[in-house]
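>>> Got a sequence here, can you build the structure:
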Amino acid sequence: MAARALLSGLRLAPLSRQRPGRSLSAAAAPPLDEDESPHPPPPTPPSNSKLFVAGLSWAADERSLTDAFSSFGAVTEDGVHGRCSMKQLKCSGRSGRPQPRQTLDETPVRDVVACSAAIYRHAKSGLFGDAVKLFVGMMRAGVSPNSFTLVSALLAAAGMGDMVLSECIHGWAMKSRLESNPFVRTALLDSYAKCGCPMKSWALFGEMRDPGIVTWNALISGLVQNDLFEEALLVFKRLLFSFGPVHNVVTMISIAQAYAGCGDLGSCESAHAYSIKIGLDSNVSATNSILGMYLSFGSLAIGRDIFQKITVSDVVSWTMMMGFLLGEAQAIEVIRLFVQMRSSGIVPDRVAMVTVAQACANLGDGRIGKLVHNQIVIRGFSGELPAVNSLITMYAKCEDLSSARMLFDGTMEKSLVSWTAMVSAYVENGYALEGMHLFAKMRHEDCFMIDSVTLVTLLLACYEIAYFELCIQLHVYCYKSGLCLYKPVLNTLIAVYGKCGYATLARKMFDEMISRNIVSWNTMILSYGINGQGEKAVALFNEMDKSNEDRDSVTYLNTLLACSHSGLVDDGMLIFRRMIDEKGINPCPEHVGCIVDMLARAGRLDEAAEVASLTQNKIGSDAWKALMGGGHLHGDMELTKVAAEKVLALESFDYGHVVLLSNAYASSGKYTAAESVRSCYTKRNKKKTLGLSSIGIMPYSRR
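Below you'll find the predicted structure:
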């Protein structure tokens, strides 16, 4: 049963909208009638309240909000000893974890201390729904909550992000006259901020007379979580004006996030200097926040410099730097940094191992990937889904589908990410049909809602085999599920329609997009190009000037391909010159190969050969391949032979070029040479890639 459904049976009415000019604290209970008795006094605190106040005061000065409540919970549980066993709440497995109702029923004495401790334990463990169920069950049992109970329930509401639940607890706090309790008010402030209502947190903070450092931290953190970075810095300046220099780690962490959100490097350097001035440069949590602040600017030089200068570091510091390098496509540096971390004596955690596995996936190095897999098994992370999913992706990138499938089949409880990773592994390695069959198995065994990543993976499978009918079904699901709002989904749909020969449908989707990015334009230009509609591709290329969309190298490459397929040589050469002169883009091998192919298709073999001769062997492999095809197309046997010698001398040639050269010899009557070429390169175990074709059968309909 959902939390809101449980609350419907209780008299926990959410707070009504306040009239303008009326403070939240003034929203007290309605006046009593003459027949009604006065409101019952607030519940008395537990017998060990002195210990609670002492522990909470110390935590409020030195720790965060959750740590302060943790001190409260530890003291309360000591008072529960002998009346309520908390051992069952520590069970980590799903089968061993008791249900909230079972925990409540097995409590020998249902008092506020035992119930509050149970609620807090569930909320602290991330079992927010169970904590709310315990809270509702406790109230149904007639146990009146105290301040710690409400704090625990608010932690659960904040974790769930449930605004209505937070307002209900706020209403009960006002009804039971616990709203003025500083810890309840701080928990309310924190809950409202995490539920996306920072202005309510601001209003509660303004009504407090002498807020402690925990309350200030809760407000600053709440503003940062809602991307109100400048407001958070203003609150921090008020804090400094009220208390002077604050030697608090939690404050420094929130302020580092706020400065990073503002995007001002000079201010970040000031925050760094402030942390050193107050002596937090020796605190690892503070140094990690400073490192994260600098890494948010995306500068590899700054990140390395700060990482080398920090005096203390832990596994989080190293993992942050490894993750940043991974995002900058520095996979080799990630592995080197991991080796340095191990040499420093720091034990890697799950996040570090997953990061290294992703680096191996980017490199496509299965040898190192297997070593990482061994370390994951040795360190006991092999049973955790994030590690398993990263290993499946890593083996897929290394073209080791058998190992990926073995890991996938050995996973008992698969998530949508697991299924998507395995389907993507098949699609990326050229087994689109197997990927679709696996997706059908997922729909049969598990009831997962397809997300945008899974949908894009399936659309890529449709792209590989030009499966138009399935693309139509996925298109319908895209609108039904609301995934049509995601640009990657729409861009992939445009690509699939273009690949299937329906450039008109692709253009219709392109025109209906609310907002486009550079990928949308590039995909639509490519769709026109592969369907032989070069004029429309060039017209769309020129439309990008009016849309203020900046062209990249892929845009020029797709337009050149369209010109090549449609015979628009003059337009292609003009666009190629504009790419170099106006944009300053250095032509890559694909650009040069496209120009050679365009000239060779048009019969301008001398110009094509001149362009190809300007390139080196490895860089110009695409150019020589294109020249080889053009020579065969126009019957120039000498040029075909020269280009073939260049191509076959490279390691990147495939059996298709051998067949092309053999056919060129055969067409000119040199059958002995044709047979010699085939037999020579067949001994190298070069197998021809088999094609895949399909026949679409239209359903029969009676007229």
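>>> Which residue lies nearest the spatial centre of the chain?
Of all residues in the chain, the one closest to the mean position by C-alpha atoms, centre = their mean is residue 453, 10.2 Å from it.
>>> Show the contacting residues for that residue.
For residue 453, the contacting residues are residue 420, by C-beta atoms under 8 Å, 6 or more residues apart in numbering. Glycine gets a C-beta too; all of them are placed from N, C-alpha and C.
>>> for it, helix, strand, or coil?
Secondary structure assignment for residue 453 (DSSP: H, G, I helix; E, B strand; the rest coil): helix.
>>> So for it, what pLDDT did the model give?
At residue 453, the model reports a pLDDT of 92.
>>> For residue 192, see how far away it is.
32 Å (C-beta to C-beta, to the nearest Å).
>>> Equivalent analysis for residue 384, please.
With C-beta to C-beta as the criterion, residue 384 and residue 192 are 33 Å apart.
>>> Looking at these two now, which is surrounded by more residues?
Legend: neighbour count by other C-beta atoms under 10 Å for residue 384 and residue 192, higher for residue 192 (26 against 14).
>>> My guess is the more buried one contacts residue 164. True?
No: Residue 192 lies out of contact with residue 164 (C-beta atoms under 8 Å); the separation is 11.9 Å.
>>> Provide a list of residues in contact with residue 295.
303, 306, 320-321, 324.
>>> swap in residue 348?
Counting by C-beta under 8 Å, 6+ apart, residue 348 has contacts 315, 319, 338, 341-342, 356, 375, 379.
>>> Can you flag the buried ones in the residues you listed?
319, 338, 341, 356, 375 (16 or more other C-beta atoms under 10 Å).
>>> tell me which residues in the host helix or strand of the first one are buried?
In the assignment (DSSP states H and E), residue 319 maps to helix 315-327. Of the residues in helix 315-327, those buried by neighbour count under the rule 16+ other C-beta under 10 Å are 316-326.
>>> Could you identify the helix or strand that succeeds it?
Next along from helix 315-327, by DSSP H and E: helix 331-343.
>>> Which residues does that next one contact?
Taking C-beta under 8 Å, 6+ apart as the rule, helix 331-343 contacts 315, 318, 321-322, 325-326, 348, 352, 355-356, 359-360, 362-363, 368.
>>> swap in stretch 425-445?
Against stretch 425-445 from outside (C-beta under 8 Å, 6+ apart): 392-393, 395-397, 399, 401, 404-405, 419, 422-424, 448, 454, 457-458, 460-462, 464-465, 467, 470.
>>> One more pass at 6 Å, please.
Contacts of stretch 425-445 with the rest of the structure, by C-beta atoms under 6 Å, 6 or more residues apart in numbering, involve 396, 399, 401, 404, 419, 423, 460-461, 464-465.
>>> Nearest to residue 223, out of those: which one, please.
residue 419 (38.7 Å; C-beta to C-beta).
>>> What helix or strand is the closest one located in?
helix 416-428.
>>> Only the buried residues of that helix, if you could.
Neighbour-count burial for helix 416-428 [16+ other C-beta under 10 Å]: 417-428.
>>> CSV for those residues, including pLDDT and distance to residue 444?
Output for these, formatted as CSV (pLDDT from 0 to 100; distance: C-beta to C-beta, whole Å):
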residue, pLDDT, distance to residue 444
417, 91, 19
418, 92, 16
419, 93, 12
420, 92, 16
421, 93, 19
422, 94, 15
423, 93, 14
424, 93, 19
425, 93, 19
426, 94, 17
427, 93, 19
428, 91, 23
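>>> want to throw the contacts of residue 348 into CSV with pLDDT and distance to residue 175?
Formatted as CSV, the contacts of residue 348 follow (pLDDT from 0 to 100; distance: C-beta to C-beta, whole Å):
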residue, pLDDT, distance to residue 175
315, 90, 47
319, 91, 46
338, 92, 55
341, 91, 54
342, 90, 57
356, 92, 54
375, 89, 55
379, 88, 51
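>>> and which of the residues you listed is nearest to residue 542?
Closest to residue 542, out of all of the contacts of residue 348 and judged by C-beta to C-beta, is residue 356, at 46.4 Å.
>>> can you give me the strands for this structure?
Read by DSSP state E, the chain holds no strands at all.
>>> least trustworthy helix or strand in it by mean pLDDT?
helix 49-62 (a mean of 33; mean pLDDT, DSSP states H and E).
>>> give me the number of residues near the closest residue in space to residue 296 that isn't next to it in sequence?
Spatially, and ignoring its direct neighbours in sequence, residue 296 is nearest to residue 260 (4.1 Å; C-beta to C-beta, 6 or more residues apart in numbering). Counted with other C-beta under 10 Å, residues neighbouring residue 260 total 23.
>>> how near is residue 260 to residue 224?
9 Å.
>>> Return the distance of the helix holding residue 419 from the chain's centre.
On the basis of C-alpha atoms, centre = their mean, to the nearest Å, helix 416-428 sits 16 Å off its chain's mean C-alpha point.
>>> who touches the nearest residue to residue 497 once chain neighbours are set aside in this structure?
Distances taken as C-beta to C-beta, 6+ apart place residue 506 nearest to residue 497, at 4.0 Å, with adjacent residues excluded. Taking C-beta under 6 Å, 6+ apart, we find residue 506 in contact with 494, 497-498, 527.
>>> got the residue ranges for the helices in the stretch 201-350 of the chain?
Per DSSP state H, counting those that start in this stretch, the stretch 201-350 of the chain carries helices over the ranges 213-225, 229-243, 249-262, 265-277, 284-295, 300-309, 315-327, 331-343, 350-363.
>>> any idea which of those helices is most buried?
Neighbour counts (mean count of other C-beta atoms under 10 Å) averaged over each of the helices of the stretch 201-350 of the chain peak at helix 213-225, with a mean of 26.
>>> Please name every helix or strand in contact with it.
helix 65-80, helix 182-194, helix 198-206, helix 229-243, helix 249-262 (3 or more C-beta pairs under 6 Å, 6 or more residues apart in numbering; DSSP states H and E).
>>> Any idea which of these has the lowest pLDDT on average?
Among those, helix 65-80 scores lowest, with a mean of 42.
>>> wait, which of the helices of the stretch 201-350 of the chain is closest to residue 561?
Here helix 350-363 is closest among these (C-beta to C-beta), at 26.9 Å.
>>> Contacts for that closest one, please.
By C-beta under 6 Å, 6+ apart, helix 350-363 touches 319, 322-323, 326, 331, 334-335, 338, 368-369, 372, 376, 381, 386-387, 390-391, 393-394, 397.
>>> burial measure for the closest residue to residue 415 other than its chain neighbours, as a count.
The shortest distance from residue 415 to any non-neighbouring residue, by C-beta to C-beta, 6+ apart, is to residue 385 (5.5 Å). Residue 385 has 13 neighbouring residues, counting by other C-beta under 10 Å.
>>> What score does residue 385 have for pLDDT?
89.
>>> any chance of the contacts of residue 295 in CSV, with distance to residue 511 and pLDDT too?
CSV is the format used below for the contacts of residue 295 (distance: C-beta to C-beta, whole Å; pLDDT from 0 to 100):
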residue, distance to residue 511, pLDDT
303, 42, 82
306, 47, 83
320, 43, 91
321, 45, 91
324, 39, 91
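>>> Nearest to residue 133 among those?
Nearest to residue 133 among those, with distances taken as C-beta to C-beta, is residue 320, at 36.6 Å.
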